[in-house]
Every structure is written in structure tokens, then in C-alpha cells.
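Enquirer: okay, structure incoming, though there's no sequence with it:
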């Protein structure tokens, strides 16, 4: 028998659109592989940029050089905002309020638990408190001065506890003094999915419906107080849903940005979203929202006719799984309702930085030459509730995406609109009032339910809703910006899932990859079905994209399967037109992950 060698010329990239037997001379699978000159090669490993630890997982990062040409970085987590300078990480988290208190601490001998008394703290477990100007807690050895602590438990509306590193050597009550500096409330890192038909017991006890007489919110706080018009039979950990008063009802929003109930769906009054009852006192109910209220409000007018509260008891031993009557949806969409995680958006204002955590107002970080940077501070005149921000290049307008509409009688706290694009006066981050003497303004986009994110491109800013792409171009007075819809059915999957590369914008949608070259195109993808079957749909928000400039690659990190943090990647090479994917060797720390995407380390 004659033996003959045959040359196989495998195509570069992976192809998973058919079976491994049907692909012929194609690579079907692999891990941590890229292609160069049509040949596969191993990716290099990660390099740790800093050994300093931090709280939470990174959600956005910005790199820049200050006026001294020194490399700087800022990144945000659900817990805090950090500045990275050399090998040091500094906590620059904004402080929302500060109060000086006396006789406010209690300790127990042999315990690390410290009780802190503040009659109106309005804080939740996991929020952070920074103590300054402290005095001794009686004769105890406990010292809190200059330290930051997470709240470990909330005893009441006037008392919370923290845990210190060493045991107290004496029992003290109502001793010491300090200034309590409260950080912005800690956000959620886990997406809480709403329950649908299959998530609860059916044919169970009917829920209790009751009218509402008062709703109270406190600015920068997740706690909401509900006064019911009658007995409600609810207890802590029951689920409450607010039902519209009619089919024609509009969104009911309290506290500037908290949506309690949505319009009816398909001509059916369904209500939603869902909330968990935290505490009950008589006819009063306290709930917690995932996003802090943007304003302190007391609502009493017309609540009984506007909506009712429906309270569902819990399945025994299963908190979070309420009873449902047969064929009764659990939310406005009946399934798939996901409470959003905490997200950050960051951009430069010259050598300084603009920061926003989704649902909060806008913060400003003044780049400082000192060893320990100052904290980011609130731009007090910015909209109270903003989903993300971006700065327009050249003309320098600060742009809020999803924000409070302008209202002459309430400049910063008008109605929240998730489809609103609102911008400040040119080169003035503090003036948001439209007038003949300013270029501030706003526009409401269409084709979608919310604005997801934005990216600067060559001649315009790309703004995505969950269903469409819009271009935002500076044209000067009187309109300031021109908006044009560039595409539909091409929404952005997450706030950080799009990027501009050499004048072309690339992004991940909900079921495909796209680019904008002047017109929206679907990118032919040889691993599309594999990626979108693999991705964890509850964590679309955590998709993060970056550029590896050394190898001219665009990389998307995503959560796969049941993972709650990014553990896999997919890479597209626009120069050589191929796709690969893989799994990270170990889930890297967020700061390492972001730095290595933005810098050519992989």
C-alpha cells in the first residue's frame, strides 16, 4: 500500500455553527488560543498590577495621564470608588452625609461588636461608615478614629452595629463621640431575578389586597415606608407588589426615581416589580429597593385610586418564593424580571474624572498631586438620578443617559425617564438649566424602554437603547445636538459591551454581534450560537469589552452558565476576521482584569 501525505490547511479561528464533523478543515474548539499569520499560538498569561486588595468586584475603569504625565486609574465596585496610583489604591468613595454625635457607642467586654446610635441613620447591612473626630468609648480599648467599617446588622432605625478587629476589654453604654460619615449606599453585585409561573406554589392561599395612604422615601436611602389604609396581614419576608388602579395607569414613581408599579401589559393589570417586606409595624410596612431614592418625599395624594398593594405570604422555609394563585403572573413580564446590579460609568473632564453609579447623581474627582487623593464629591446641581454618563469631546458637554427630566420648579428632581438624554451647559458641569444663555438641554429617545450605554466614535457619540442605536452629533445652537436613529433590533446587551476601534464601533447585542461603519451591520460570527447559549442571561449587565492593541483584538468578557462573575471571553479580530473563545485560568480580580484588557498584557 502506498502512503501519501496530505496537507491540511485549517481556517483560522473557531467555527461552532455546525458539528465538529461537518466543519472539515476548521478548528472546532480550543482554550486560550489566538491566531497569528493563520497559525494558532498560546496566549500569554496575566500580570498582576497591584497587590493591594479592595472591596467588591470592578464594574468600570478609566485610565488616563494627569498634567504631570503620570498614569492614573479610577475604578468602581458595588461597594466603593477607588483611585489607583502606582502600587497604591485609595478609597475615594463619595460621602453622602455626615453627622456629629455624642454618647453614641456601646461595647461588650470580650466582643468585637460595637453598637452605633444615630436616630436617623437610614442605613442597611453592608453600607459603609467612616468615623472621624472620635473620642474614647468610655474606658474601652476600642478606637474607631479614621477607620471605615461595613454595617453588620441594623438593630432598629436608630441603632446599627459594626465589627472591629479586636475584642473590647470593657462593657460600655452610651459613651464616646464621633462624626459619622456615610458612604453612598452599597449596591448589589447579584442580579435578583423576579419569579414567574414556575417559581412558586400554585393554588395556594389568596394574597391580601389593601389600599395605600402614604409613602415616604429618604434621599440616598433604599428604605421606603408604606402606610396601608387597613390591616394587611403581612409579615417580614412576605412579597409585596403594587397594582395599578386602572388599565390606563402610568408608571408610579416615588422618591424621584423608584418605580413602584408599571403600566398594564397587553391590556391586563398585572403590576410589578416585586419587593420584599423588611419590617412591619401595625399598618405600616417597610421595604427596601435595590436603588437608593434620589429625593426625600412624602406622597399622600390619590394613592388609593392610583394603586393598591397585594401581599403574598411565603412558602414555609423558602424565603423569596411567594405563593401564587393558579395562572397568576408574578410580575409585569411574568418571568425574567431582573433587578439591576450596581454599575459605574466613568469619563474624563480634562485631567479630572466624572463618575456616576447607576441610579445616583453625578460625582466629580479633582485629580490631586497629594499622596492620598481627595474624595469624589457630588455635583449638587446635576440630575438626582442618572443611569450613566459620558462627556462629549471637543465641545465638552456632560451628558446624562437616563435621568430626571428638567422641571422649572425642581431643577434636578423632575420625573425620571430611562429614555432621556440630558446635558449640561458647554464646559460647565454644574449648569443643567436650559435657557437662551446656555446650551443645556434634553431629548427623549424612542424605540426601546431604556438607554443602556454610549461610546464616543469618530464623528458622533453612539447611544444605545435596549433595542436600537442612535448617533448623537454636536451641531451647535440652537439645538446643540442632532440625534439620528442608526439601527433597530440591535440593542446593547450591557452598559460596557460596546467599544470604538479605528473609527468603527463594535458591540454585543442580545443575540448577535454588530458594528457601525456608517450603517449598522451584523458581524458574521462563527461562534455565535455557542456564545449566546453559554452566556448567563441574568448577568448581561456584567459583559465588558476592551481592546488588546498589541494583537489588534476586541475581547468581550462574560458570565457563563451559572457563574455570577465574568469567567469566559470571546475575541474578534477585525484585521484578520476570525473568532476564538476560552475560559480564564481563574477568575481574576476586577482591577487586574480591566487593566489587562485595556493594556497589551494578554
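Expert: Structure's in. What do you need? Only a predicted model underlies this, so the values are computations on that prediction, with no experimental measurement involved. Numbers count the residues shown, from 1 in each chain.
Enquirer: residue 124: which element?
Expert: Using DSSP states H and E, residue 124 is not contained in any helix or strand.
Enquirer: show me what contacts it?
Expert: 151, 154, 185-186, 222-223, 288 (Cβ atoms under 8 Å, 6 or more residues apart in numbering). C-betas here are computed from N, CA, C, even on glycine.
Enquirer: list just the nearest of those to residue 433.
Expert: The closest of the contacts of residue 124 to residue 433 turns out to be residue 185 (Cβ to Cβ; 27.9 Å).
Enquirer: residues in contact with the nearest residue to the closest one once chain neighbours are set aside?
Expert: The shortest distance from residue 185 to any non-neighbouring residue, by Cβ to Cβ, 6 or more residues apart in numbering, is to residue 292 (4.6 Å). Counting by Cβ under 8 Å, 6+ apart, residue 292 touches 184-185, 219-222, 359-360.
Enquirer: what are the ranges of the strands in the stretch 101-250 of the chain?
Expert: Assigned by DSSP state E, counting those that start in this stretch, the strands in the stretch 101-250 of the chain fall at 113-117, 128-132, 148-150, 153-156, 159-163, 172-183, 192-193, 208-217, 223-228, 239-244.
Enquirer: among those, which comes closest to residue 450?
Expert: Across those, residue 450 has its closest neighbour in strand 192-193 (17.6 Å, Cβ to Cβ).
Enquirer: what about residue 527, distance to residue 38?
Expert: 18 Å (Cβ to Cβ, to the nearest Å).
Enquirer: so which of these two has more stuff around it?
Expert: Ranked by neighbour count (other Cβ atoms under 10 Å), residue 527 and residue 38 place residue 527 first, with 23 against 12.
Enquirer: just checking, the more buried one touches residue 582?
Expert: No - with contact defined as Cβ atoms under 8 Å, residue 527 does not count as touching residue 582 (10.7 Å).
Enquirer: centroid residue for the protein?
Expert: residue 343 (2.3 Å; Cα atoms, centre = their mean).
Enquirer: can you pull the contacts of that residue?
Expert: Counted by Cβ under 8 Å, 6+ apart, residue 343 has contacts 59-60, 187, 357-358, 388, 495, 541.
Enquirer: sort those by pLDDT and name the bottom one.
Expert: The member of these with the lowest pLDDT is residue 187, at 86.
Enquirer: look at the nearest residue to residue 16 once chain neighbours are set aside and say how many residues are nearby.
Expert: Residue nearest to residue 16 in three dimensions, not counting chain neighbours: residue 530, with 4.0 Å by Cβ to Cβ, 6+ apart. Under the neighbour criterion other Cβ under 10 Å, residue 530 is assigned a count of 19.
Enquirer: tell me the helix or strand right after whichever strand or helix holds residue 530.
Expert: Counting by DSSP H and E, the element that carries residue 530 is helix 528-534. Using DSSP H and E, the helix or strand that follows helix 528-534 in sequence is strand 544-548.
Enquirer: can you name every helix or strand that that next one contacts?
Expert: strand 498-501, strand 504-508, strand 553-558, helix 590-598 (3 or more Cβ pairs under 8 Å, 6 or more residues apart in numbering; DSSP states H and E).
Enquirer: repeat that for 10 Å
Expert: Using 3 or more Cβ pairs under 10 Å, 6 or more residues apart in numbering; DSSP states H and E as the contact definition, the elements that strand 544-548 packs against are strand 60-65, strand 498-501, strand 504-508, strand 553-558, strand 568-573, helix 590-598.
Enquirer: per-residue pLDDT of the residue nearest to the centre of the chain, please?
Expert: Residue 343 is given a pLDDT of 93.
Enquirer: with residue 391 instead?
Expert: At residue 391, pLDDT is 97.
Enquirer: now for the nearest residue to it once chain neighbours are set aside, how many residues are close by?
Expert: Nearest in space to residue 391, with sequence neighbours left out and distances taken as Cβ to Cβ, 6+ apart, is residue 347 at 4.6 Å. Applying other Cβ under 10 Å, we find 20 residues neighbouring residue 347.
Enquirer: you'd agree residue 347 is up against residue 354?
Expert: Yes - Residue 347 lies in contact with residue 354 (Cβ atoms under 10 Å); the separation is 5.0 Å.
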